[in-house]
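Asks: Structure of the sequence below:
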Amino acid sequence: MNQLARADGIIRLLVVICLGTFGFGMADALLEPYGGQVLGLSIADTTKLTALFSVGTLVGFEIASRLLSGTTEPGNLALAGLAVGIPGFGLIIFVSMDGGTISFLLGTFLVGLGTGLFGHATLTAAMRAAPREQIGLALGAWGAAQACAAGLGVALAGIVRDVIVGLQGATGNSVQTPCAIIFTIEALSLLIAIAVVWPMARKVTNRKDIHTTTEKQVEGL
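Replies: I've put the predicted structure just below:
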């Protein structure tokens, strides 16, 4: 365990996993009621939102699988997943300002896509960062970080929503306000995750550029 903790970048990676999973995970319990309350969607239609989110996630897994089997670094792909999720939440928030159903559906798909890219990229990064004899332990750490962050995100989303609804009681309730605030918190969490993962992605990219330059210099001798 100590050897894994001393692996280059593993602690920063676990922090990124927690922040990103927390950000993406808070939406799990809110997308369906948000669609029903703000857009007046039926139960059948809101159930399809989960399917759309899942399709986005599967597309993200497929894209990540293809890119990571090539030369794409996991840190850069995790960064891309986080970057895709932020406008997704922006579109979902825009729905509360008469953004319409299309904005909601596109936002839901983008959040699912970002979740897939981020999840696959961080799993691959954890496996590559760990010593060969501790890859299984790294997978366990990745899973534990994801489970804890996702559970905390869902629980906190419900608590924040109930608190805001309670505070609104005296002035009248706005159905979209609690969820819009939570989606904003999610986007901010993804922004913080980007700030944490950015140096790690830049470090790997710079190291790769130096290695490529050295190879070219050797070939030129």
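
Asks: Tell me which helix or strand comes right after the lowest-mean-pLDDT helix or strand in the chain.
Replies: Counting by mean pLDDT, DSSP states H and E, the chain has its least confident helix or strand at helix 2-5, which shows a mean of 57. The first helix or strand that comes after helix 2-5 along the chain, using DSSP states H and E, is helix 10-25.

Asks: tell me which residues of that next one are tucked away?
Replies: Residues of helix 10-25 classed as buried: 10, 12-14, 16-25 (neighbour count, 16 or more other C-beta atoms under 10 Å). For every residue, glycine as well, the C-beta is placed using N, CA and C.

Asks: cool, and stretch 23-35?
Replies: Judged by neighbour count (16+ other C-beta under 10 Å), stretch 23-35 contains these buried residues: 23, 24, 25, 26, 27, 29, 30, 31, 32, 34, 35.

Asks: wait, what's in contact with the last one?
Replies: What it means is residue 35. Contacts for residue 35 (C-beta atoms under 8 Å, 6 or more residues apart in numbering) come out as 41, 45, 46, 49, 104.

Asks: now the first one
Replies: Residues touching residue 23, when contacts are defined by C-beta under 8 Å, 6+ apart, comprise 82, 85, 153, 186, 187, 188, 189, 190, 193.

Asks: Now do the helices in the chain.
Replies: Under the criterion DSSP state H, the chain contains helices at 2-5, 10-25, 31-39, 43-68, 74-94, 101-129, 135-168, 176-220.

Asks: Quickly, which of the ones you listed bottoms out on average pLDDT?
Replies: In terms of mean pLDDT, the lowest-scoring of the helices of the chain is helix 2-5 (a mean of 57).

Asks: Report how many residues lie close to residue 155.
Replies: Using other C-beta atoms under 10 Å, residue 155 is surrounded by 13 other residues.

Asks: Check the gap between it and residue 183 for me.
Replies: Relative to residue 183, residue 155 is positioned 16 Å away (C-beta to C-beta, to the nearest Å).

Asks: Provide a list of residues in contact with residue 63.
Replies: Contacts of residue 63 by C-beta under 8 Å, 6+ apart are 113, 116, 117.
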